[in-house]
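**Q** sharing a model prediction with you, sequence too.
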Amino acid sequence: DYIIEKIMSVLTGEKILLKSDISNRDELHFDKLTICPSQRKAYLNGTEIFLTTKELDLLIFLASHNGQVFTIRQIYEGITDEPFVETYKSLESCLYRLRKKIGADMILNVRGFGYKFNA
C-alpha cells in the first residue's frame, strides 16, 4: 500500500504540473484555430467559439499534445482530478459536441484506441 501511495502521489504531481503548464500558455495557434488557455477562450477563423468548461479543457489538453493519441481514460484523467469510471459516457458526448463545433477533421478518432488532435 505504501508503494502504491507513493506512485500515485508522483503521478498526481505530474498531472498537476502538466495542467498548470498548459493553462499558463498565452496562446496555441493552428491553421484556423486559436486557443487562449489563460483567457479560457477559443477562436475559429477569428470568431470566438462558445465552449463549455469541459469542452475547453478537452480542447486545450488535446491541442497541447498535437498528434499524440490518447485513450478515453487518459483524456479523462488528464482533464479532471476524479477517478475514471468505465461507464461514464459524458466525455464521449463532450468529444462529439466539440468535434461539431471546431470540425471533425481537427479531432480524429483512432479506431480501436482513442482520439488525437490533428492540426
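**A** Yep, that arrived.

**Q** just give the closest residue to Gly67, not the sequence neighbours.
**A** Lys116 (6.2 Å; CB to CB, 6 or more residues apart in numbering). C-betas here are computed from N, CA, C, even on glycine.

**Q** what pLDDT does the model give that neighbour?
**A** Looking at Lys116, its pLDDT is 95.

**Q** assumed it was part of a helix.
**A** No: in this structure, Lys116 is strand, not part of a helix, as judged by DSSP: H, G, I helix; E, B strand; the rest coil.

**Q** buried ones in stretch 74-94?
**A** Along stretch 74-94, these residues count as buried under the neighbour rule (16 or more other CB atoms under 10 Å): 74-79, 91, 94.

**Q** and the helices in this structure, which stretches?
**A** Counting by DSSP state H, the chain forms helices over residues 2-23, 53-63, 72-79, 90-102, given from the N-terminal end onward.

**Q** which of the ones you listed comes out lowest on mean pLDDT?
**A** The weakest mean pLDDT among these belongs to helix 2-23, with a mean of 54.

**Q** my read: the residue nearest to Gly67 touches Ala63, true?
**A** No: contact between Lys116 and Ala63 fails when scored by CB atoms under 8 Å: they sit 10.5 Å apart.

**Q** who's more crowded, the two?
**A** When Lys116 and Ala63 are compared on other CB atoms under 10 Å, the one with more neighbours turns out to be Ala63, at 22 against 17.

**Q** how about the residue nearest to Asp57 when sequence neighbours are not counted, what does it touch?
**A** Beyond its immediate neighbours in the sequence, the residue positioned closest to Asp57 (CB to CB, 6+ apart) is Ile79, lying 4.4 Å away. The contact partners of Ile79, by CB atoms under 8 Å, 6 or more residues apart in numbering, come to 19, 54, 57-58, 61.

**Q** and if you look at Leu91?
**A** Applying CB under 8 Å, 6+ apart, one finds that Leu91 lies in contact with 54, 58, 72, 75-76.

**Q** do Leu33 as well
**A** The contact partners of Leu33, by CB under 8 Å, 6+ apart, come to 42-44, 63, 102, 106, 119.

**Q** 6 Å instead?
**A** Under the criterion of CB atoms under 6 Å, 6 or more residues apart in numbering, the contact list for Leu33 reads Leu44.
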